[in-house]
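J.: Build me a model from this:
(2 chains)
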Amino acid sequence: MKRKVVITGCDMITPAGLDLMSTWDALVNGTSCVGTITRFDTAGLETSIAAQVPDLFNELVPQFCKRRMAKQMTYVTKMAFVSAVRAVTASGINFTQCDRSRAAVILGIVNAGYNSIEQKTGNDRIVKAMSNAPAAWLSLEYGIEGPSYPVSTACASSAYAMAFAYEMIANGQADIVITGGADSTICPEEIRGFNEILALSTLNAEPHRACRPFTKSRDGFVMGEGAGILVFESEEHACKRNASVFAEMAGYALTSEAYNIVAPKPDGAGMALTMERALEHAQINKADVAYINAHGTSTPLNDKYETAAIKKVFGDYVRHISVSSTKSMIGHTIGAAGAIEGITTVMSIKNGILTPTINYDDSDPELDLDYVPNTAREQNVNVALSNSFGFGGHNATLVFKKYKR
Amino acid sequence: MENVTEAMKEEIRSVVYEFFAEECERDVCDIIDATNVIDDLEGDSLLFIELLQLLKKKYNLAVSLQSVGKYMLQNRAETIGKVIDLMIYVVNNQEKLA
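T.: So this is what the prediction gives:
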């Protein structure tokens, strides 16, 4: 029999805030965090906007990382590390009192972010660039002796990581898993690369309006960055130490589109399959789902097909479901998106508040769901889904529910 | 043949002490020759490479990192005193380690 998986700690570092609560407050307030890129000269790039984590983050790092560690870490690894330490602190876990061979670290990391900006700062190429670095540093920090590894499935990376973390606990292979992900691709070569495939918004003149998922005028996603880390724990382990529980992860599904390296399958067939399978896996009735935190990138195809997929899965019941896009406020955090949006979903369940889709000011006649337009909404949520769909056709849907002992 | 003067030895000693104090965030007064780099300072193996690069630059040494690395595998330098001896050896034996 599968064991119940509960979330006992989480933290976020995002363009909206440097911790869980400041990010949550900004999301509830519908704050756009998109602005002109300040980290490098954007001359010659079609896109000059992004959602950057506030520079103040750099002042936080020394509180968590010794000088030696920080020197050997990229910005991505530092965000993952700081966020993870805070998530563990929030969980109340003391690893010295745990069987550390039954703990693991599984993080969604597209790459460790050893980009052209990092390369200007000096040595340690190998330890900085290896994609397993964030997981390895956490294993070192806490003496975790179970598996520690990265998962790389593009924009679905951290959702995949959370699915594997769930599996380890549900199957009894671990009692505690630090999971989630981190990413930063705000650098000249990545912006240029995403411009080449026409994926990014070019609304440079109005950064705050650039990310406008599900609208008629949507013209691409806005690059974001950040980290989202969760502590998954078996219910038994959490109860033994009388831990507070944010929510339960009830199940998931992972599928592959097997269609195109960047485009989703027409009509969202792959996305629909993923949501269907996730509900089956979690043994949830469709009528119990109140909210979907959408992948909602603000690209023409994703938003169209995701909407179609939600309609296909939920049929007439879809009018009872609220759908919103966190990316409308903090951009697309790529490898961290599944985790940040997963945490946002968990916070929605915990607090009974749905975060909005901002910049929803010109509806697309084809897209007619309740997108929680522009303003947060108080609403009790017992069950919610979080979707992540990555280039390469990597699909993930995570199912969260209110925790009841 | 001894190329390193007493003054240079003192300078290397000072460089080593200051380097480890700064990198490991310790007061230089808390470090002695018997201080263990890994156990006492929570240092890491990459420190030795950085120190060597620092000295290479400072004294314009023509040694290869690989040669010094191989030498270090045979002659481990776990304490600050041993690191100082190693660095003096490197400066003194550039040709051998080139």
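J.: in the least confident helix or strand in chain B by mean pLDDT, what counts as buried?
T.: The helix or strand of chain B with the poorest confidence is helix B:94-97; it has a mean of 83 (mean pLDDT, DSSP states H and E). Within helix B:94-97, the residues that count as buried by 16 or more other CB atoms under 10 Å in any protein chain shown are B:94, B:97. For glycine as for every other residue, the C-beta is placed from the backbone atoms N, C-alpha and C.
J.: hmm, who's touching that helix?
T.: B:3, B:61-64, B:67-68, B:71, B:90 (CB atoms under 8 Å, 6 or more residues apart in numbering or on different chains).
J.: got the end-to-end distance for stretch A:380-394?
T.: End-to-end span of stretch A:380-394 (CA to CA, to the nearest Å): 31 Å.
J.: now that stretch: how far from the chain's centre is it?
T.: 9 Å (CA atoms, centre = their mean, to the nearest Å).
J.: Spell out which residues of chain B are next to chain A.
T.: Taking CB under 8 Å from any CB of the partner chain as the criterion, chain B approaches chain A at residues B:22-25, B:42-44, B:46-47, B:50, B:53.
J.: Spit out the contact partners of the closest residue to chain B within chain A.
T.: Closest to chain B within chain A is residue A:67: 5.4 Å, counting by CB to the nearest CB. When contacts are counted by CB under 8 Å, 6+ apart, residue A:67 is found next to B:22-25.
J.: ok, 7 Å please
T.: The contact partners of residue A:67, taken as CB atoms under 7 Å, 6 or more residues apart in numbering or on different chains, are B:23, B:25.
J.: ok, residue A:171 - how many residues close by?
T.: 10 (other CB atoms under 10 Å in any protein chain shown).
J.: so residue A:227 is in which element?
T.: In the assignment (DSSP states H and E), residue A:227 maps to strand A:225-234.
J.: Following the chain onward from that strand, which element is next?
T.: helix A:235-240.
J.: Restrict that following helix to CA atoms and write it as PDB.
T.: Below are the C-alpha coordinates for helix A:235-240, written out as PDB (Å, rounded to 0.1, in the frame of the first residue of the first chain):
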ATOM      1  CA  GLU A 235       2.800  11.200   6.800                       C
ATOM      2  CA  GLU A 236       4.000   8.700   9.400                       C
ATOM      3  CA  HIS A 237       7.300  10.500   9.700                       C
ATOM      4  CA  ALA A 238       5.700  13.900   9.900                       C
ATOM      5  CA  CYS A 239       3.200  12.800  12.500                       C
ATOM      6  CA  LYS A 240       5.800  11.200  14.700                       C
END
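J.: Run through who's touching it.
T.: A:3-4, A:6, A:8, A:175-176, A:245.
J.: got the phi/psi numbers for residue A:108?
T.: phi -80, psi 110 (degrees, to the nearest 10).
J.: can you pull out the helices in chain B?
T.: In chain B, helices defined by DSSP state H lie at B:6-23, B:46-59, B:65-74, B:80-92, B:94-97, listed in chain order.
J.: Just say which of the ones you listed is most tucked in.
T.: Greatest average neighbour count among these goes to helix B:80-92 (a mean of 20), per mean count of other CB atoms under 10 Å in any protein chain shown.
J.: Could you check how far that helix is from the centre of its chain?
T.: For helix B:80-92, the distance to the chain centre is 5 Å (CA atoms, centre = their mean).
J.: Now do it: everything it contacts.
T.: So helix B:80-92 is in contact with B:2-4, B:9, B:12-13, B:16-17, B:20, B:31-35, B:37, B:55, B:59, B:61, B:63, B:68, B:72, B:75, B:77, B:97, going by CB under 7 Å, 6+ apart.
J.: Which single residue in chain B comes nearest to chain A?
T.: Taking CB to the nearest CB, chain B has residue B:25 as its residue nearest chain A, at 5.4 Å.
J.: Give me the pLDDT for residue B:68.
T.: Per-residue pLDDT puts residue B:68 at 89.
J.: Give me the nearest residue to residue A:163, chain neighbours excluded.
T.: residue A:252 (4.3 Å; CB to CB, 6 or more residues apart in numbering or on different chains).
J.: Just list the residues touching the one you found, thanks.
T.: Here residue A:252 is in contact with A:163, A:166, A:278, A:281, A:396-399 (CB under 7 Å, 6+ apart).
J.: what does residue A:17 give?
T.: A:23, A:26.
J.: For it, name its beta-bridge partners.
T.: Bridge pairing for residue A:17 (DSSP bridges) gives the partners residue A:14.
J.: So which bits of the stretch 101-250 of chain A are right by chain B?
T.: residue A:124 (CB under 7 Å from any CB of the partner chain).
J.: residue ranges for the strands of the stretch 101-250 of chain A, please.
T.: Applying DSSP state E, counting those that start in this stretch to the stretch 101-250 of chain A gives strands spanning A:103-108, A:148-151, A:176-184, A:225-234, A:247-256.
J.: Name the strands paired with the first one and say parallel or antiparallel.
T.: Put plainly, it is strand A:103-108. Here, using DSSP bridges, strand A:103-108 pairs with strand A:148-151 (parallel), strand A:176-184 (parallel).
J.: coming back round to it: mean confidence (pLDDT) on the strand holding residue A:227, please.
T.: pLDDT averaged over strand A:225-234 gives 98.
J.: Remind me what it packs against, helices and strands.
T.: strand A:5-13, helix A:75-91, helix A:157-170, strand A:176-184, helix A:337-351 (3 or more CB pairs under 7 Å, 6 or more residues apart in numbering or on different chains; DSSP states H and E).
J.: Could you give the number of residues near the closest residue to residue A:391 other than its chain neighbours?
T.: Closest residue in space to residue A:391, ignoring its immediate chain neighbours: residue A:154 at 4.4 Å, by CB to CB, 6+ apart. By other CB under 10 Å, the residues close to residue A:154 number 19.
J.: do the same with residue A:4
T.: 20.
J.: Please give me every residue in contact with residue A:400.
T.: Residue A:400 touches A:247-250, A:345-346, A:349, A:384, A:386, counting by CB under 7 Å, 6+ apart.
J.: of all those, which comes closest to residue A:114?
T.: Checking the contacts of residue A:400 against residue A:114 with CB to CB, the nearest one is residue A:386 at 28.6 Å.
J.: among the helices of chain B, which gets the worst mean confidence?
T.: Across those, helix B:94-97 gives the lowest mean pLDDT, at a mean of 83.
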